[in-house]
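**Student:** Here is a sequence with its predicted model. Questions after.
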Amino acid sequence: MGISISHVQANYEQGDASLSFEILDSSNGSMLLAPFNMMARAGYVEKTSEGYTKATTIAGLPGVESWTTADKNGDVAVLVGGRYLLKVSGSTVPDVETIRKALEAVDLKKLAALR
């Protein structure tokens, strides 16, 4: 179909806790990003007895955040520059804020400027 993507992942562990950083370069493939964009729309919330998934905004960028309370697992993803999907997943971390802060530590402006 002529769609080209690139993907990179880095994993970090400390004791039982781990963080995984993933960047997907969609090469501006809007069809590839459509499901994410639908979930990231303002107001999306899905709650279950185990946790939640909801739309969020980080540094002015559309995102999706999910958390499973009992397992202390979650992820936060944002769309950067309309092209890059940055996702940080955490396993056995204290809270979703830990994952969010890890994502915010990435230079999002520098990522958005890549072409």
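**Tutor:** In hand now; what should we look at?
**Student:** helices and strands of this structure: which one bottoms out on pLDDT?
**Tutor:** One helix or strand of the chain scores below all others by mean pLDDT, DSSP states H and E: helix 30-39, with a mean of 76.
**Student:** starting at the chain centroid, how far to stretch 7-25?
**Tutor:** 11 Å (C-alpha atoms, centre = their mean, to the nearest Å).
**Student:** buried stuff in that stretch?
**Tutor:** Judged by neighbour count using 16 or more other C-beta atoms under 10 Å, the buried positions of stretch 7-25 are 19, 20, 21, 22, 23, 24, 25. Backbone N, C-alpha and C define where each C-beta goes, glycine included.
**Student:** For the following helix or strand past the least confident helix or strand of the chain, enumerate its sheet partners and note whether each is parallel or antiparallel.
**Tutor:** The C-terminal neighbour of helix 30-39 among helices and strands, as given by DSSP states H and E, is strand 45-47. Strand pairing for strand 45-47, determined by DSSP bridges: strand 51-58 (antiparallel).
**Student:** who's in contact with stretch 90-100?
**Tutor:** Defining contact as C-beta atoms under 8 Å, 6 or more residues apart in numbering, one finds that stretch 90-100 is touched by 16-20, 58, 65, 67, 71-76, 88-89, 102.
**Student:** on that earlier part again, the least confident helix or strand of the chain relative to strand 51-58, how many degrees between them?
**Tutor:** Helix 30-39 and strand 51-58 are oriented at 110 degrees to each other (axes from the mean of the first three to the mean of the last three C-alpha atoms, to 10 degrees).
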